[in-house]
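> based on what follows, work out the 3D shape:
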Amino acid sequence: MIRALTLALMIGVAPLAPRPAASSAPVVLTGWISDINCAAPRVARGEFGPNGPECVKRCLLKGVKAVFVSEEAKAMYELTGYESAKDDVGYHLELTGVVDPAGKSIAVVSVKRLEYVGALCALPKKPAPKKG
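Numbering: from 1, shown residues only. I've put the predicted structure just below:
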């Protein structure tokens, strides 16, 4: 009898228990891996696309922070829990992860490659040296 009463009370109180914030649920976003140095200026200009893979890979190998540029969220997220990010540079990705409450990072749960894009680097080209 006491067990039944305790169980009924727990079931009745469960809906009143605090729920985790909406940001703790995994979200699915599409976008590209980049490095913060290449992506930040483009995102600030409202450009949410890929950066040149060779440029990004060089920066990541130098220790520049990896980010995910999301086309749906129109946002850039620092990556956590995704040590092999450089292997997916150049691919349009479907990333499942948990966005932190401040919205500045995403803890990666899974990644699916959609297609290889290999966009050109957004950095301005250096002018050719003048001959003569």
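> use CA for all of it now, contacts and neighbours both
Will do.
> I'd say D100 and V27 touch.
No: using Cα atoms under 8 Å, D100 makes no contact with V27, being 11.1 Å away.
> for the chain, name the helix or strand with the lowest mean pLDDT.
Using mean pLDDT, DSSP states H and E, helix 2-13 stands out as the lowest-scoring helix or strand of the chain, at a mean of 43.
> what lines up beside the helix or strand that it is followed by in the sheet?
Heading C-terminal from helix 2-13, the first helix or strand you meet, by DSSP states H and E, is strand 27-35. Sheet pairing for strand 27-35, assigned by DSSP bridges, gives strand 66-70 (antiparallel), strand 91-99 (antiparallel).
> okay, those strands, which one's buried deepest?
strand 66-70 (a mean of 26; mean count of other Cα atoms under 10 Å).
> that older thread, may I see the strands paired with strand 27-35 arranged in JSON lines, with distance to V109 and mean pLDDT as well?
Shown next, in JSON lines, are the strands paired with strand 27-35 (distance: least, Cα to Cα, whole Å; pLDDT from 0 to 100):
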{"stretch": "strand 66-70", "distance to V109": "13", "mean pLDDT": "97"}
{"stretch": "strand 91-99", "distance to V109": "5", "mean pLDDT": "97"}
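> for those, could you give me JSON lines that also reports distance to A107?
Below are the strands paired with strand 27-35 laid out as JSON lines (distance: least, Cα to Cα, whole Å):
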{"stretch": "strand 66-70", "distance to A107": "11"}
{"stretch": "strand 91-99", "distance to A107": "5"}
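> for V69, which residues are in contact?
31-34, 39, 48-50, 75-77 (Cα atoms under 8 Å, 6 or more residues apart in numbering).
> my error: substitute Y91 in the last question.
The contact partners of Y91, by Cα under 8 Å, 6+ apart, come to 32-33, 113-118.
> any idea which of those residues has the most stuff around it?
Greatest neighbour count in the contacts of Y91, by other Cα atoms under 10 Å, goes to I33: 31 neighbours.
> roughly how far does that one sit from T96?
As judged by Cα to Cα, to the nearest Å, I33 and T96 stand 13 Å apart.
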